[in-house]
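Engineer: coords please:
(2 chains)
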Amino acid sequence: EAEVAQSPRYKITEKSQAVAFWCDPISGHATLYWYRQILGQGPELLVQFQDESVVDDSQLPKDRFSAERLKGVDSTLKIQPAELGDSAMYLCASSRPGQGANTIYFGEGSWLTVV
Amino acid sequence: DQQVKQNSPSLSVQEGRISILNCDYTNSMFDYFLWYKKYPAEGPTFLISISSIKDKNEDGRFTVFLNKSAKHLSLHIVPSQPGDSAVYFCAASARDSNYQLIWGAGTKLIIKP
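Structural biologist: Down below sits the predicted model:
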């Protein structure tokens, strides 16, 4: 069964360092999402791509976060510099456009701990 | 302003009994509702959904009920099994918002043996 691949699964980094997460969506899925989930809360959308274009990055803290999907396939989310409050699970998801929300498939997530 | 609310942070149910998870929403434009299940250290997994044109959708042990007038939906799991222990998220979307998912905070379901 096709899956959304994410790496690394776990990352510990020091405050003010840079960190990057990678995501490979399900083949053929044109829409890619990066979410952040803090314990006890629902996932929060950071950025949504349609192919290589950003559709929504209104909740992305652009002073320290950046995301790219240069060839419209895999994607990287970067945080620089990391802050203590960035400790969370970062989830990548993908879907085919036009089929409604129930086709969003999540990866296993990347746990970030900032110390 | 939370548009999707899951007011019970946790719920404990005896194995074999019915689990009922509740979700309330405020935005009348929502027309699609979903439940996701999440195990610790894993991403959410899609469970079941319902369109606003229906009031019930059933899939095996899982049934979702939608009460549009009350802006309330619920997920029923019967019978509950130990593997159902997880966090359950309710999410809602609207066609005019490009189906962007708005999430509740989740309810942790614990199935007791």
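
Engineer: For residue A:12, give me its contacts.
Structural biologist: Going by Cβ atoms under 8 Å, 6 or more residues apart in numbering or on different chains, residue A:12 touches A:112, A:113, A:114, A:115. C-beta: built from backbone N, CA, C; applies to glycine.

Engineer: shouldn't the third one be in contact with residue A:82?
Structural biologist: Yep, that's residue A:114 we're talking about. Yes - counting by Cβ atoms under 8 Å, residue A:114 touches residue A:82, with 4.8 Å between them.

Engineer: Mutual contacts of those two, please.
Structural biologist: A:13, A:14, A:15.

Engineer: Type out the PyMOL command that picks the buried ones from those.
Structural biologist: Per 16 or more other Cβ atoms under 10 Å in any protein chain shown, the buried members of the shared contacts of residue A:114 and residue A:82 correspond to this PyMOL selection:
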select buried, chain A and resi 13
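
Engineer: what's the neighbour count on residue B:22?
Structural biologist: Residues near residue B:22, counting by other Cβ atoms under 10 Å in any protein chain shown, number 17.

Engineer: Check what pLDDT residue A:85 gets.
Structural biologist: pLDDT for residue A:85: 94.

Engineer: hey, what's the spatially closest residue to it that is not a sequence neighbour bridged with?
Structural biologist: Excluding its sequence neighbours, the residue lying closest to residue A:85 (Cβ to Cβ, 6 or more residues apart in numbering or on different chains) is residue A:114, at 7.8 Å. Counting by DSSP bridges, residue A:114 forms beta bridges with residue A:13.

Engineer: As CSV, could you dump the C-alpha coordinates of stretch B:67-84?
Structural biologist: Extracted in CSV, the C-alpha atoms of stretch B:67-84 (Å, rounded to 0.1, in the frame of the first residue of the first chain):
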residue,chain,number,x,y,z
ASN,B,67,-27.2,16.5,13.5
LYS,B,68,-27.0,19.7,11.4
SER,B,69,-29.6,21.7,13.4
ALA,B,70,-27.5,21.1,16.5
LYS,B,71,-24.2,21.4,14.7
HIS,B,72,-23.2,18.2,16.3
LEU,B,73,-21.7,14.9,15.1
SER,B,74,-20.8,11.8,17.0
LEU,B,75,-18.8,8.7,16.3
HIS,B,76,-20.1,5.4,17.6
ILE,B,77,-17.8,2.4,17.9
VAL,B,78,-19.5,-0.9,18.8
PRO,B,79,-18.3,-3.2,20.1
SER,B,80,-15.2,-1.4,21.4
GLN,B,81,-12.0,-3.3,21.1
PRO,B,82,-8.6,-2.8,22.8
GLY,B,83,-7.1,-1.7,19.5
ASP,B,84,-9.5,1.2,19.4
